[in-house]
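**Student:** Need coordinates for the below:
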Amino acid sequence: MNDIWWQTEGQGNCHLVLLHGWGLNAEVWNCISAELASHFTLHLVDLPGFGRSQGFGAMTLEAMAECVLKQAPDKAVWLGWSLGGLVASQVALTHPERVQALVTVASSPRFSAHEEWPGIKPEILAGFQQQLSEDFQRTVERFLALQTLGTETARQDARALKKAVLALPMPEVEVLNGGLEILKTVDLREPLKELTIPFLRLYGYLDGLVPRKVVPMLDALWPESESLIFAKAAHAPFISHPDTFCQALIALKDKL
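**Tutor:** As a prediction, the model looks like this:
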């Protein structure tokens with residue numbers, strides 16, 4: 001099997017693996033990587049099929065987690081943003097001995113809305129899948145625009161995300177479709193109840209993809225975990241609020 005693109009920076013005694021979201025790559029962390037590398041040994045990863053990790057097809061969540069774990073340090077804090085949050089959560093579920101703490105950012109154990117569960121309407125995700133085959137660059141751009149809606153720095157944040165996408169080759173349609181399939185079908189609400197490692201969940205108050213209504217629901221479902229909402233952030237709090245975002249991670253490290 002191909003290796004995925006992996007870059008290590010910094011020399012902190014705590015390892016931190018960063019996993020990006022759907023359609024993107026590790027360039028999204030540029031705004032915080034220098035600050036984090038002064039506190040952690042930082043591992044920047046392009047998920048299989050995204051960015052510089054070419055040569056992969058569509059994957060299940062389980063296969064993606066195993067693929068990333070192959071190159072990971074023996075023990076690390078795993079941070080996943082959006083789709084990356086599901087991958088990091090899957091690693092924590094299957095290999096808890098390798099995970100010092102789990103951090104999910106603007107992520108949900110179940111992204112698609114269902115009965116009483118708030119989320120993205122399944123037909124919206126299905127629509128994105130259909131549009132991908134027609135004009136996939138425009139579809140990805142629309143998805144990125146959704147991630148910054150409502151913030152004071154929305155235009156600037158959307159530009160930062162777009163720059164990260166365009167800096168590297170676009171993922172294959174098959175890979176993007178596979179990622180949407182994970183967002184549409186995966187539900188980790190019950191499995192994550194069993195997690196005993198430190199678990200920090202970070203959210204944007206204005207996030208249109210992971211509604212803030214899920215936060216108290218998950219607080220009740222996972223009482224051992226901790227949640228923090230960035231008041232003026234949307235789906236990419238590390239881009240709109242880099243300083244407070246880094247402070248939250250450094251505070252977590254100091255508790256471990």
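**Student:** just the strands in this structure please.
**Tutor:** Here the chain has its strands, by DSSP state E, at 6-9, 15-19, 41-45, 76-81, 99-105, 199-204, 226-230.
**Student:** Note down every partner strand of the longest one and its orientation.
**Tutor:** Using DSSP bridges, strand 99-105 pairs in its sheet with strand 76-81 (parallel), strand 199-204 (parallel).
**Student:** give me the number of residues near residue 209?
**Tutor:** Residues near residue 209, counting by other C-beta atoms under 10 Å, number 22. Bear in mind the C-beta positions are built from the backbone N, C-alpha and C, glycine included.
**Student:** and it, what does it touch?
**Tutor:** Neighbouring residues of residue 209 by C-beta atoms under 8 Å, 6 or more residues apart in numbering: 82, 106, 111, 120, 146, 147, 235.
**Student:** which one of those residues is nearest residue 65?
**Tutor:** residue 82 (15.1 Å; C-beta to C-beta).
**Student:** For that closest one, which residues are in contact?
**Tutor:** 20, 21, 22, 105, 106, 107, 209, 210, 235.
**Student:** on that earlier part again, go through the strands paired with strand 99-105 and pick out the most buried.
**Tutor:** For these, average neighbour numbers computed from mean count of other C-beta atoms under 10 Å are highest in strand 76-81, which has a mean of 27.
**Student:** relative orientation of that strand and strand 15-19 in degrees?
**Tutor:** Orientation of strand 76-81 against strand 15-19 (axes from the mean of the first three to the mean of the last three C-alpha atoms, to 10 degrees) gives an angle of 20 degrees.
**Student:** can you give me how far strand 76-81 is from the chain middle?
**Tutor:** 8 Å (C-alpha atoms, centre = their mean, to the nearest Å).
**Student:** how about the CA coordinates for that strand, as CSV?
**Tutor:** Extracted in CSV, the C-alpha atoms of strand 76-81 (Å, rounded to 0.1, in the frame of the first residue of the first chain):
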residue,chain,number,x,y,z
ALA,A,76,0.2,11.1,20.7
VAL,A,77,-2.6,13.5,21.2
TRP,A,78,-4.8,13.1,18.2
LEU,A,79,-6.7,16.1,16.9
GLY,A,80,-9.2,15.8,14.0
TRP,A,81,-11.1,18.6,12.4
